[in-house]
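*Asks:* Sequence and predicted model, in that order:
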There are 2 protein chains.
Amino acid sequence: MKKKATIYDIAREAGVSTATVTRVVRGDPGVREATRDKVQRVIDRNAYAPSMSAQNLESGRSKALAVVVPSISNLYFAKIFDSAYWEAADNGCSVRLIQTKDNQAISPEIVNELIRCRMDGVLFAGNIWSADRADLNDAMERLNHYMPVAAICPPGVELNCIRIESDLLNCARLPVRHLHTLGHRRIAFIGGSMHSKDASHRGATFLEQLRLLGLPDDPAYHVDAGYDMEGGERAVLRMLSALPRERWPSAIVTFNDLVALGAIRQLKKMGQHLPEDMAIVGCDNLFFCPYSDPPLTSVDLHPAEMAQSAVRELLVARESASRSFSILRDATLVVRESCGAALGFRHFDT
Amino acid sequence: MKKKATIYDIAREAGVSTATVTRVVRGDPGVREATRDKVQRVIDRNAYAPSMSAQNLESGRSKALAVVVPSISNLYFAKIFDSAYWEAADNGCSVRLIQTKDNQAISPEIVNELIRCRMDGVLFAGNIWSADRADLNDAMERLNHYMPVAAICPPGVELNCIRIESDLLNCARLPVRHLHTLGHRRIAFIGGSMHSKDASHRGATFLEQLRLLGLPDDPAYHVDAGYDMEGGERAVLRMLSALPRERWPSAIVTFNDLVALGAIRQLKKMGQHLPEDMAIVGCDNLFFCPYSDPPLTSVDLHPAEMAQSAVRELLVARESASRSFSILRDATLVVRESCGAALGFRHFDT
DNA sequence: TTGTACGCGTTATCAG
DNA sequence: CTGATAACGCGTACAA
């Protein structure tokens, strides 16, 4: 690998000034054909392209957004990033991906990095909203000095930024109502944290919905189960083995599709037939839902659309004076076989 | 969002020189405590962090690598990126993700972008290796002017860069041998392209292995089926409906786990019991393999380790004079239930 | 302990 | 049509 060529090298080698090189590179008119050819040849020979750092320094813009997520290996976040990436690309913008692992808060290091890079905007996604509000608002304020900030978050979070709200209310309501319509009366929820104070969170909304429908909200039906398949397996085992057969729920709503996958496996191990003996509903509508056995009914929060909205808002936020507002995208229930809808209404004891 | 503060603003507001601001920011010794405090306060008040563009320009380094993949929503590439990201982070390096969609070649635009960004290295991954060699070598040569290049590719590809070779040979051999040991004689392969000229590609190696074991390589057993679940479904349907029952294969090797998932679904639809009636082996060992029904036996190419090696090599490539070499990481067969290993040796007709 | 001045690669402005 | 030069924000000699 040779030494990197600069605009000076090209100018010298072509026997012109740097200004002319710039004109050729940017395709500006007003350069004699012969000169253009001569310069272009030197550019090609040296595989020259202008340094983005120097360009950014000169222009004061980076034409780049950042997306901050816990882990890109999580399909939900991959969807968000992917969508943001192409939406930004359509607007001549690149997107930088930043992973936080399991950090519950937005660390000062990340904030610093974002400012250092002089991003044109940031989009936060992930379960950072249970963290102490103080950190978050501090981070927001620091970032707001330099760039517009957007966040995909639960409804009702008071954050000084563009809020793209996940429809967590319907995310909990839709499965419960659907199952209720099918006749289910004992409905369990596994995964995530049940006892969050925030009324907008899934667990709380789930409980609320049960009460609204006059269904029992037996604490034995609410098991914290983490966010993955092993969590789902463990939760089902723990819940069912603590209950006499006649008090088993007839349906389980899970925190996400991964938990559902684990739950399904454990239920089969215990000899249950799905969906006849037990109905299951997941969340996120991941790619494998149509291919699980039985195909998994799931709630779709439309992460791609949320990310797209976020990027659009970030890109216009420079001009617009609107500092802080929120957008809500409705959740959708995608009915497949695991909820037993094909079996029609059935009568279950309360 | 206010105007972005520069080192001059901080210096002026704190009543010191820019040099002192730099010293405070970088934690250099030799600054009076009182001065440091005074400056730090101004820095905090303005949420100041030095501009990375200016720093890069000054230092001539970007401390950044690029990873180029077709799509981050593909779990295989997500693993690669994730692994590269953290390996680079451990070495104080950031990683830029570039997606190519389905572009079969490395487009000149991407090459330009990489050079513009003055990356400290690039890692290419994805199915670009079937493209015309001319493009690839041109791209490599242009890039080699500016940065070390690594690629995760099939064995035997002659490319002027650091080659991290996928163990595609064993990737085809391991499933066939395993199934042969279990007594299978009619083994089919679905997915990807069977008739690639490149002897190192999966389909070709698969055929070679069949011949080596004296097994029939009936063309009816080799169906192109794309790279996803729908492809798997269609391929199974097409293959089996074209064959009388007595000539059906007893085992199917699939291009990847997604194809396997589709194949499983289609086989069940056709009333097949797995693995008793049909054995299945996938590839990539994705997270859901233990949770499919039956749990999917799969080949693991260890993409995370490959990415890690790639990043390590890129980071030392600056100093080292070694321009081009290759590293091979062995594939592993992860045996679960879909291959029917638990059923032991069974006798099948040829 | 602190400040001054220069160079990094580019673009824009203005003069020729 | 082309060239000279200032500015962008920062780090680093070197000077004070």
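*Replies:* Yes, it's here. Numbering: from 1, shown residues only, chains lettered A, B, ... in the order given.
*Asks:* near DNA strand D, which residues of chain A?
*Replies:* Within reach of DNA strand D by CB under 7 Å from any atom of the strand, chain A has these residues: A:15-20, A:23, A:30-32, A:34-36, A:54, A:57-58, A:60. All C-beta atoms are positioned from the backbone trio N, CA, C, and that covers glycine.
*Asks:* So which of the residues you listed belong to helices?
*Replies:* Members of those lying in helices (criterion: DSSP state H): A:18-20, A:23, A:34-36, A:54, A:57-58.
*Asks:* can you list these in CSV and add pLDDT and neighbour count?
*Replies:* Formatted as CSV, these follow (pLDDT from 0 to 100; neighbours: other CB atoms under 10 Å in any protein chain shown):
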residue, pLDDT, neighbour count
A:T18, 94, 14
A:A19, 93, 11
A:T20, 96, 21
A:R23, 95, 18
A:A34, 93, 8
A:T35, 94, 15
A:R36, 95, 15
A:A54, 96, 17
A:L57, 95, 19
A:E58, 93, 11
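*Asks:* what two of those residues have the greatest distance between them?
*Replies:* Using CB to CB, those span at most 32.1 Å, a distance reached by A:A34 and A:L57.
*Asks:* quick one, helices of chain A?
*Replies:* Here chain A has its helices, by DSSP H, at A:7-14, A:18-25, A:33-46, A:52-59, A:75-90, A:108-116, A:133-144, A:168-181, A:202-212, A:229-241, A:257-269, A:303-317.
*Asks:* Please identify the most buried of those.
*Replies:* Ranked by average neighbour count under the criterion mean count of other CB atoms under 10 Å in any protein chain shown, these are headed by helix A:257-269 at a mean of 24.
*Asks:* I'd like the mean pLDDT over that helix, please.
*Replies:* The pLDDT scores in helix A:257-269 average 97.
*Asks:* re earlier: same list, the residues of chain A next to DNA strand D, but only the ones touching chain B.
*Replies:* Among these, the residues lying close to chain B (CB under 8 Å from any CB of the partner chain) are A:54, A:57, A:60.
*Asks:* Identify, from the ones in helices among the residues of chain A next to DNA strand D, the entry nearest to chain B.
*Replies:* A:L57 (4.7 Å; CB to the nearest CB).
*Asks:* Enumerate every residue touching the nearest residue to the closest one once chain neighbours are set aside.
*Replies:* Nearest non-adjacent residue to A:L57, counting by CB to CB, 6 or more residues apart in numbering or on different chains: B:S53, 4.7 Å away. B:S53 makes contact with A:52-54, A:56-57, A:62, A:118, according to CB atoms under 8 Å, 6 or more residues apart in numbering or on different chains.
*Asks:* Distance check, B:S53 against A:E233.
*Replies:* The spacing between B:S53 and A:E233, counted by CB to CB, to the nearest Å, is 49 Å.
*Asks:* before we move on, the earlier item: let me know the closest of the contacts of B:S53 to DNA strand C.
*Replies:* Closest to DNA strand C out of the contacts of B:S53 is A:A54 (3.1 Å), distances taken as CB to the nearest atom of the strand.
*Asks:* Tell me who's in contact with that closest one.
*Replies:* Residues counted as contacts of A:A54 (CB under 8 Å, 6+ apart) are B:53, B:57.
*Asks:* Wait, A:R61 touches A:D120, no?
*Replies:* Yes - contact status for A:R61 versus A:D120: in contact at 6.6 Å, counting by CB atoms under 8 Å.
*Asks:* For the closest residue to DNA strand C within the stretch 201-350 of chain A, grab phi and psi.
*Replies:* Residue of the stretch 201-350 of chain A nearest DNA strand C, by CB to the nearest atom of the strand: A:R318 (17.5 Å). The phi/psi pair for A:R318 (degrees, to the nearest 10) reads phi -50, psi -50.
*Asks:* A:E158 now?
*Replies:* When read as degrees, to the nearest 10, the backbone of A:E158 gives phi -90, psi 100.
*Asks:* Let me know the pLDDT of it.
*Replies:* pLDDT, A:E158: 84.
*Asks:* Kindly report the same for A:S130.
*Replies:* Among the per-residue scores, A:S130 shows a pLDDT of 65.
*Asks:* got the residues of chain A near DNA strand C?
*Replies:* Within chain A, the residues that sit near DNA strand C (CB under 7 Å from any atom of the strand) are A:4, A:6-8, A:18-19, A:21-22, A:25-26, A:48-51, A:54-55, A:57-59.
*Asks:* thinking A:C161 is in contact with A:E141, fair?
*Replies:* No - checked against CB under 8 Å, the pair A:C161 and A:E141 is beyond contact range at 9.9 Å.
*Asks:* how about the strands in the stretch 251-350 of chain A?
*Replies:* Along the stretch 251-350 of chain A, the stretches classed as strands by DSSP state E, counting those that start in this stretch are A:251-254, A:279-283, A:297-300, A:325-328, A:332-334.
*Asks:* Can you tell me which of the ones in helices among the residues of chain A next to DNA strand D is nearest B:V111?
*Replies:* A:A54 (18.9 Å).
*Asks:* Distance of the closest one relative to A:V122?
*Replies:* From A:A54 to A:V122 the distance is 24 Å (CB to CB).
*Asks:* any chance of the helices of chain A in a markdown table, plus distance to B:M229?
*Replies:* Supplementary listing: the helices of chain A in a markdown table, determined by distance: least, CB to CB, whole Å:
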| stretch | distance to B:M229 |
| --- | --- |
| helix A:7-14 | 50 |
| helix A:18-25 | 45 |
| helix A:33-46 | 44 |
| helix A:52-59 | 39 |
| helix A:75-90 | 14 |
| helix A:108-116 | 36 |
| helix A:133-144 | 39 |
| helix A:168-181 | 24 |
| helix A:202-212 | 28 |
| helix A:229-241 | 19 |
| helix A:257-269 | 15 |
| helix A:303-317 | 19 |
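*Asks:* do you know which of the ones you listed lies nearest B:G214?
*Replies:* Of all those, helix A:257-269 sits nearest to B:G214, with 38.7 Å by CB to CB.
*Asks:* does that closest one come close to chain B?
*Replies:* Yes - on the criterion CB under 8 Å from any CB, helix A:257-269 is in touch with chain B at A:261-262, A:264-265, A:268.
*Asks:* Which strands or helices does that helix pack on?
*Replies:* Helix A:257-269 sits against helix A:229-241, strand A:251-254, strand A:279-283, with contacts defined as 3 or more CB pairs under 8 Å, 6 or more residues apart in numbering or on different chains; DSSP states H and E.
*Asks:* Show me the contact partners of the last one.
*Replies:* Contacts of strand A:279-283 with the rest of the structure, by CB under 8 Å, 6+ apart, involve A:171, A:175, A:178-179, A:182, A:184, A:250-257, A:259-261, A:263-264, A:267, A:274, A:289, A:296-299, A:301, A:333, A:338-340.
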